[in-house]
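Engineer: Can you look at this prediction? I've put the sequence above it.
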Amino acid sequence: MASSTTSVITHQRRVNLAKITRGEVETIPKITHIAFGSGGVDESGQPIQPLETMTALNNEVARYEIEKIETPVDTTNRYTVTIPESDLNGTNINEMALIDADGELAAIKTFLNKGKDGDVEFTFQFDDEF
């Protein structure tokens with residue numbers, strides 16, 4: 001059986017991290033949003049493995065600005081967003097991506113369907129681990 005969650009750091013993010021580490025650039029774009037989509041599972045509902053070469057989600061349905069950044073351990077940034085009650089009702093959410101200030105995908109995660117009802121808000125956290 002497939003894993004219930006799969007993730008990947010994108011090639012573009014790795015390029016940016018390599019550039020800053022070797023001193024080629026002074027800064028890299030910070031993470032500003034989390035995008036959500038409904039194209040992250042196969043026909044049987046199992047998460048598909050995202051590719052590091054992806055430049056977009058399979059089927060992006062919304063994008064939200066980061067509300068909070070925490071550091072649970074010194075090698076992890078935890079980004080939090082909330083999908084309001086009024087948004088994405090009836091949508092199965094099964095993929096999400098960290099988006100940087102340049103609009104580039106930094107990391108992608110797929111997971112089992114999360115059906116969104118109209119009377120709930122969803123809070124999602126995405127850990128960026130180094």
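Structural biologist: Happy to help now that I have it.
Engineer: Nearest the middle, which residue of this protein would you pick?
Structural biologist: Ala97 (2.1 Å; Cα atoms, centre = their mean).
Engineer: Give me the mean pLDDT for whichever strand or helix holds that residue.
Structural biologist: Per DSSP states H and E: Ala97 is located in strand 92-100. In this model, strand 92-100 carries a mean pLDDT of 98.
Engineer: okay, it in PDB with CA atoms only?
Structural biologist: Extracted in PDB, the C-alpha atoms of strand 92-100 (Å, rounded to 0.1, in the frame of the first residue of the first chain):
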ATOM      1  CA  ASN A  92     -11.300  17.300  -2.100                       C
ATOM      2  CA  ILE A  93      -7.900  18.800  -1.200                       C
ATOM      3  CA  ASN A  94      -5.000  16.400  -1.700                       C
ATOM      4  CA  GLU A  95      -2.000  18.400  -2.700                       C
ATOM      5  CA  MET A  96      -0.300  21.600  -1.400                       C
ATOM      6  CA  ALA A  97       2.900  23.500  -2.100                       C
ATOM      7  CA  LEU A  98       5.100  26.100  -0.400                       C
ATOM      8  CA  ILE A  99       5.300  29.200  -2.700                       C
ATOM      9  CA  ASP A 100       8.100  31.700  -2.500                       C
END
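Engineer: what about the strands in the chain?
Structural biologist: 5-9, 31-37, 60-65, 68-70, 76-83, 92-100, 105-115, 122-129 (DSSP state E).
Engineer: Give me the contacts around the fifth one.
Structural biologist: Residues from elsewhere that reach strand 76-83 (Cβ atoms under 8 Å, 6 or more residues apart in numbering): 31, 33-34, 36, 62, 64-72, 93, 98, 116, 121-130. For every residue, glycine as well, the C-beta is placed using N, CA and C.
Engineer: what's the angle from that strand to strand 105-115?
Structural biologist: Per axes from the mean of the first three to the mean of the last three Cα atoms, to 10 degrees, the angle that strand 76-83 makes with strand 105-115 is 50 degrees.
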